[in-house]
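Asker: predicted model, plus sequence, below.
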Amino acid sequence: MSRKVLLIEDEPNITEAIRFLLTREGWQVETHAEGENAVQTILSAQPDLVILDVMLPGKSGMDVLRELREHEEMRALPVLMLTARGQSRDREMAEKAGVSRFMTKPFSNTEVLTAVRDLHAQASQS
Amino acid sequence: MRDSLTGSRIRERRQISGLRQAQLARQVGISASYLNLIEHNRRRIGGKLLVDIASALSVEPSVLTQGVEATLIAALREAAADAVGQKAEVEALDEFAGRFPGWAAVLAQMHRRVVSLERTVETLSDRLTHDPHLAASMHEVLSAAAAIRSTAAILAEPGEIEAEWRDRFHRNLHQDAERLAESSKALVAFLDESEDTGERRGLPMEEVEAFLEKRGFHLPELESGQDPVSLAQAEMASSASRSVARQVLDAYAADARAMPLEAVSEALEVEGVDPLRLAARFSVDVPTVLRRLAFLPEDVMPRPAGLVICDSSGSILLFKPVPGFAMPRHGEACPLWPVFSALNRPLVPIRKRVTLLGRTPADFDCFAIAWPQPVSAFGQEPVYRSAMLVLPVEEPGVATDLPLQVGTSCRICPRKPCDSRREPSILSEGF
């Protein structure tokens, strides 16, 4: 059974690049391009991992994450957060909201792949 | 002119020339002990002796008599006051400036630069944290950069990728490069524009405040009964600004009707700047008086007056500046300001002497009151607003109780300790 990642990102070209990279690694990649309804999409897609942009139309990634963690069954879901803001205050806010890993733009492909592999390995062990 | 320092300058010049006191005294025909008295500013000097000494030291007499500028002394005094963990010999300031004018000027220049940089830090920090235009521009630039980096790295990998993917990535790369160029240009244009104070852009309230500032916060047409609607319509660029301007100008017009200019002028002569007495005299509420006093022309209001109006979330709804008084535009203000503490006790008028800490602490008399906004249904919770009139204090000595110490914002506030501090100050000793 293939691993599934849900990529929530409103930049189509970033989505395309990440989709290519992860598909090549054997991931099944689903996408969603806005904050609105993002939680419902995660709940119905049941991914093994979520990549979540912070600045999304409709609702911020931070709010999506907070809402997601309110669901008991989603507390342990690995969430890799992407943001253009790397200030310590934003990191703290993301950690409070329950992020698994925080990554600032512009990231390298290697960083994304390593983070995805690590998070998935950690989740599989626990 | 600071003649009393001529001796110090003679001493400094003599030392620069490498002459001993006795040598110089001999050259100009006076005793060494007399020259010693002159050099320690204990004997006045002028006329032929001054010319002789100047000649012996190969300088113009004016170099020895020229006074140190008062601004230099003032700058040094400020530098001494701002020094952290260092106590300067303020009593010897004149002597220092007189004996080492070059070093004194360097110190004063450095101090001015530090003050200027601190202001820049304050402005940029506020803008970076809260400016929605800047945040959106930065997001656009970084997102385009992220897409380009990722796509370019895929294309640069060794080995072939399918033609369909390759073409798509080339197309994306081109799109993102165009986007990056555009968003970078937009960002630069935004930053350039921000420097131009004549062309301020921002929130609707900022446009309204810019208009009021341009008019000196006084609008004779509203005093004479003109409709605020037409004024808002004529002066504001966007519908959002017009809507905000309407609220401000409606309140202005109503206040002017309740407290006509001529009557206020007479009342101020009798009552002074006393908001409670003025409220009783005109049978109006205190917020009306505070607003009215802030919008009076200079020839009627005897003191400069600033004004802040906020709602219970702490959002600033109107800000009229006054020299020395600063408050962040986008929140993060010091919660100790009476305009905020008034919200804890609605309808209780508060008067507080406040010291705004900073490079040059400034004292203000603050009058504040919070009041409920009208509700449209029974049982509806009213929203409270708070207004604060800010009057700079010329003579800090007349306070009835100890001034309340407040900062502009925690990030640049030197006060320690402070129970209300939200985050450490960047103005540490290491800054």
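Answerer: Yes, it's here.
Asker: in chain A, which ranges drop under the pLDDT threshold?
Answerer: A:1, A:85-88 (pLDDT under 70).
Asker: which parts of it are strands?
Answerer: Ranges of strands in chain A, per DSSP state E, are A:3-8, A:27-32, A:49-53, A:79-83, A:101-104.
Asker: number of nearby residues for the closest residue to B:S243 other than its chain neighbours?
Answerer: Ranked by C-beta to C-beta, 6 or more residues apart in numbering or on different chains and with sequence neighbours excluded, the top spatial neighbour of B:S243 is B:P204, at 7.2 Å. C-beta here means a position set from N, CA and C on the backbone, and glycine is covered the same way. For B:P204, the neighbour count with other C-beta atoms under 10 Å in any protein chain shown is 17.
Asker: A:Q125 now?
Answerer: A:Q125 has 6 neighbours, counted by other C-beta under 10 Å.
Asker: I'd like the distance between it and A:D118.
Answerer: Per C-beta to C-beta, to the nearest Å, A:Q125 is found 11 Å from A:D118.
Asker: now do A:I8
Answerer: A:I8 is 19 Å from A:D118, by C-beta to C-beta.
Asker: more neighbours: these two, which one.
Answerer: For A:I8 versus A:D118, neighbours defined as other C-beta under 10 Å are more numerous around A:I8 (27 against 14).
Asker: isn't that one right up against A:L49?
Answerer: No - judged on C-beta atoms under 8 Å, A:I8 makes no contact with A:L49 at a distance of 11.4 Å.
Asker: not counting sequence-adjacent ones, nearest residue to the residue nearest to the spatial centre of chain B?
Answerer: Residue closest to the average C-alpha location in chain B (C-alpha atoms, centre = their mean): B:A326, at 5.1 Å. Counting by C-beta to C-beta, 6+ apart, B:A326 lies nearest to B:T408, which is 4.9 Å off, once chain neighbours are set aside.
Asker: do the same with B:M205
Answerer: Nearest to B:M205 is B:V244, by C-beta to C-beta, 6+ apart, at 5.5 Å.
Asker: host element of the one you found?
Answerer: Using DSSP states H and E, B:V244 maps to helix B:239-258.
Asker: quickly find the element holding the closest residue to chain A within the stretch 251-400 of chain B.
Answerer: Per C-beta to the nearest C-beta, B:E332 is where the stretch 251-400 of chain B lies closest to chain A, at 11.6 Å. Using DSSP H and E, B:E332 falls within no helix or strand.
Asker: so which bits of stretch A:112-126 are buried?
Answerer: Neighbour counts using 16 or more other C-beta atoms under 10 Å in any protein chain shown place A:112, A:115-116, A:119-120 of stretch A:112-126 among the buried residues.
Asker: max-length helix in the chain?
Answerer: You didn't say which chain, so I picked chain A. The longest helix of chain A (DSSP state H) is helix A:109-125.
Asker: chain B was what I was after
Answerer: If you go by DSSP H, chain B has its longest helix at helix B:163-195.
Asker: how about the residues of the stretch 51-200 of chain B by chain A?
Answerer: Residues of the stretch 51-200 of chain B that fall close to chain A, judged by C-beta under 8 Å from any C-beta of the partner chain: B:135, B:138-139, B:142-143, B:145-151, B:153-154, B:165, B:168-169, B:172, B:175-176.
Asker: show me just the buried residues among the residues you listed.
Answerer: Neighbour counting with 16+ other C-beta under 10 Å marks B:135, B:138-139, B:142-143, B:145-151, B:154, B:168-169, B:172, B:175-176 as buried within these.
Asker: taking those one by one, which sit in strands?
Answerer: Using DSSP E, none of these sit in strands.
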